[in-house]
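Participant: Sequence plus predicted model, see below.
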Amino acid sequence: MNKVKSHRASAKRFSLTKSGKVKINHSHHRHNLGLKSQKRKRHLRTGTTLHKSMAPTVRAMILK
């Protein structure tokens, strides 16, 4: 019997809150930052939660 492994790419990008929601970071905050406004970059720094319709799929990949 083989071990069931978590999807490592997903495990590095997503994490879970205590209530079970999936936390994600915004994209577009790695390069070309001089072209983006300060407000846009400031809002990209904050995390957000994944939409509830996608959460079960990602949760299953993380928790295997």
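Facilitator: Looks like it arrived, so ask away.
Participant: how about the helix or strand hosting Arg40: buried residues?
Facilitator: For Arg40, the element it lies in under DSSP states H and E is helix 38-45. The neighbour-count check on helix 38-45 (16 or more other C-beta atoms under 10 Å) flags Leu44 as buried. Just so you know, the C-beta spots here come from the backbone N, C-alpha and C atoms, and that holds for glycine as well.
Participant: got the contact list for it?
Facilitator: His26, Ser27, His28, His29, Leu33, Lys36 (C-beta atoms under 8 Å, 6 or more residues apart in numbering).
Participant: hang on, the first one in a helix?
Facilitator: No - the assignment for His26, made by DSSP: H, G, I helix; E, B strand; the rest coil, is coil rather than a helix.
Participant: my guess is Lys23 is in a strand, correct?
Facilitator: Yes - assignment of Lys23 by three-state DSSP places it within a strand.
Participant: Isn't it up against Thr49?
Facilitator: Yes - assessed by C-beta atoms under 8 Å, Lys23 is found in contact with Thr49 at 6.0 Å.
Participant: any common contacting residues for these two?
Facilitator: Common contact partners of Lys23 and Thr49 (C-beta under 8 Å, 6+ apart): Thr17.
Participant: which is the next helix or strand following whichever strand or helix holds Lys12?
Facilitator: According to DSSP H and E, Lys12 maps onto helix 8-13. Remark: after helix 8-13, the chain's next helix or strand is strand 15-16, criterion DSSP H and E.
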